[in-house]
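Undergrad: this one's structure only:
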């Protein structure tokens, strides 16, 4: 099993550009999550999904969108990148709502 | 409402000496508690979890944590530090309802191992 994979590993965006962060898992987990991690801080939940076709907002959803068309994939979309979205983004998945397995992260720099 | 406080932002120990990373929590429900480790430029890896079974929880790589309800604490310990333990450690609390949005992360403790 590859576990949770994320692409790209690193990206630089200009203000106003858009991009999609990809996340995939091969563990047949129903639950998937997107977090952002800012320096010196814990993780903040952006969006989560409890199954294909179902998504919901987390603590910090503004400026982001998600979709969950399959069990395996959970892409995160940034429509109009802003410097405040400079962060490290982690995708995670879990069988139930608790023990989560994390991907390696995507470092995003918005200039 | 729930919260978690990691009492030290940085902890420095010598190789071979004990490690103590402190975590206090608050929760309106019977919580589940976790410790995750993050090595540089890596994702988070689960070290151990407490889910209302034994109060002393053993995890990977020789780590363990004790749930103390009276002190609302869940401190992480290891008898003898190894250089490979240098990383960021996160204490996490989950509400008893177990909702997918129910995880709250601490701000992390950076563990430094001196040779």
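TA: Noted; the coordinates are in hand. Model, not experiment: these values are computed from the prediction.
Undergrad: all helices of chain A, in order?
TA: With DSSP state H, there are no helices along chain A.
Undergrad: quick check: residue A:25 touching residue A:49?
TA: No: with contacts counted by CB atoms under 8 Å, residue A:25 stays clear of residue A:49, the gap being 11.2 Å. Every C-beta, even on glycine, is put in place using the N, C-alpha and C of the backbone.
Undergrad: show me which residues of chain A are close to chain B?
TA: A:4, A:31, A:33, A:40-45, A:48-50, A:56, A:58-59, A:90, A:92, A:96-105 (CB under 8 Å from any CB of the partner chain).
Undergrad: now with 6 Å?
TA: Contacts of chain A with chain B, taken as CB under 6 Å from any CB of the partner chain, map to A:31, A:41-43, A:45, A:48, A:50, A:58, A:97-98, A:102-105.
Undergrad: quickly list what the residue of chain B found nearest chain A is bridged to.
TA: In chain B, no residue comes nearer to chain A than residue B:105, which is 3.2 Å away by CB to the nearest CB. Beta-bridge pairing for residue B:105 (DSSP bridges): residue B:92.
Undergrad: and it, how far is that from residue A:3?
TA: 20 Å (CB to CB, to the nearest Å).
Undergrad: ok, and for stretch B:1-18, which residues are buried?
TA: B:2, B:4, B:6, B:11, B:13 (16 or more other CB atoms under 10 Å in any protein chain shown).
Undergrad: ends of it, what's the gap?
TA: Using CA to CA, to the nearest Å, one end of stretch B:1-18 lies 33 Å from the other.
Undergrad: average pLDDT across that stretch?
TA: For stretch B:1-18, the mean per-residue pLDDT is 93.
Undergrad: can you give me how far that stretch is from the chain middle?
TA: Centroid separation for stretch B:1-18 versus its chain: 8 Å, with CA atoms, centre = their mean, to the nearest Å.
Undergrad: which outside residues touch that stretch?
TA: Applying CB atoms under 6 Å, 6 or more residues apart in numbering or on different chains, the contact partners of stretch B:1-18 are B:19, B:22-27, B:79-81, B:83, B:91, B:93, B:95, B:104, B:106-107, B:109-115.
Undergrad: so which of the residues you listed are in strands?
TA: Members of these lying in strands (criterion: DSSP state E): B:19, B:23-27, B:91, B:93, B:104, B:109-114.
Undergrad: any idea which residue is closest to the centre of chain A?
TA: residue A:34 (3.2 Å; CA atoms, centre = their mean).
Undergrad: show me the contacts for the closest residue to that residue other than its chain neighbours.
TA: Counting by CB to CB, 6 or more residues apart in numbering or on different chains, residue A:34 lies nearest to residue A:46, which is 4.4 Å off, once chain neighbours are set aside. Each residue near residue A:46 by CB under 6 Å, 6+ apart is listed here: A:34, A:36, A:58, A:60-61, A:64.
Undergrad: could you turn the buried ones of the contacts of stretch B:1-18 into a ChimeraX selection?
TA: A single ChimeraX command selects the buried members of the contacts of stretch B:1-18 (16+ other CB under 10 Å):
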select /B:19,22,23,24,25,27,81,91,93,95,104,106,109,110,111,113
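Undergrad: check what pLDDT the closest residue in space to residue A:11 that isn't next to it in sequence gets.
TA: Leaving aside its chain neighbours, residue A:11 sits nearest to residue A:108 (5.4 Å; criterion: CB to CB, 6+ apart). If you check residue A:108, the pLDDT there is 96.
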